[in-house]
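Chemist: My questions concern the predicted model and sequence given below.
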Amino acid sequence: LKPLAEQNTPDVVLRRYLLQGATRALENLPEQSLALTEPHAALWLQIASGMLADLSSELLDLRRLATSPNPNRNELRQRSERAVLTALNVGQWLERVQPDNVTRRVVAHARFASQMLSQAAQHMARFVLSRNPEEEERASLLRVEAMRELEQANTALPKRQP
């Protein structure tokens, strides 16, 4: 039997892509778009939700550290830069799928949530540098709205019949 790593059937490539998302190994993503159909939609959304929730938690942690009485500016700057890069990588991972008619709404909601979290990460990075409370407010609002949008993705998930 051929080792799984050498197989490039559409199903294997999709599973490899899903594994990359689950392990947060977002480098070297597949070049081609991958078809996302109903059987894989729930797993895809679970992985996407995990990545977006982790990013949301990181933004909350950055806000907590930045507003502490004696923050470590250098560490905060580095973490905020990593958060922005992570948001961009997650967005690229989400863009690799090509939804069908059944999964289109799920993917659209997850991508929109990702875009809002990416903007939130950028505002949080600006807040870390400038200490401008308006940047922190924008980041917080976008983060909350992104989580609501992610909930909409869960609602749009096709209901599977037992």
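Modeler: Structure's in. What do you need?
Chemist: Spatially, which residue comes closest to residue 75, not counting chain neighbours?
Modeler: Of all residues not flanking residue 75 in the chain, residue 65 sits nearest, at 7.9 Å (Cβ to Cβ, 6 or more residues apart in numbering). All C-beta spots, glycine's among them, are computed from the backbone N, C-alpha and C.
Chemist: Over to residue 60?
Modeler: Residue 60 sits nearest to residue 143 (Cβ to Cβ, 6+ apart), 7.4 Å away.
Chemist: Please apply the same query to residue 91.
Modeler: Using Cβ to Cβ, 6+ apart, the closest residue to residue 91 is residue 114 (4.8 Å).
Chemist: and if you look at residue 22?
Modeler: residue 47 (5.0 Å).
Chemist: gap between the residue nearest to residue 75 and residue 105?
Modeler: 36 Å (Cβ to Cβ, to the nearest Å).
Chemist: Then residue 91?
Modeler: For residue 91 relative to residue 105 (Cβ to Cβ), the value is 18 Å.
Chemist: same thing with residue 73?
Modeler: Distance from residue 73 to residue 105, by Cβ to Cβ: 42 Å.
Chemist: Neighbour count for these two, which is higher?
Modeler: residue 105 (16 against 11; other Cβ atoms under 10 Å).
Chemist: Next, the contact list for the more buried one, please.
Modeler: When contacts are counted by Cβ atoms under 8 Å, 6 or more residues apart in numbering, residue 105 touches 153, 156.
Chemist: So it lies in a helix, does it not?
Modeler: Yes: looking at residue 105 with DSSP: H, G, I helix; E, B strand; the rest coil, it is inside a helix.
Chemist: Identify the residues contacting the residue nearest to residue 22.
Modeler: 18, 21-22.
Chemist: Go through those and flag which are in strands.
Modeler: Under the assignment DSSP state E, the contacts of residue 47 contribute nothing to strands.
Chemist: List the buried residues of stretch 145-162.
Modeler: 145-147, 149-150, 153, 156-157 (16 or more other Cβ atoms under 10 Å).
Chemist: so how far is that stretch off the chain centroid?
Modeler: 15 Å (Cα atoms, centre = their mean, to the nearest Å).
Chemist: Cool, thanks, talk later.
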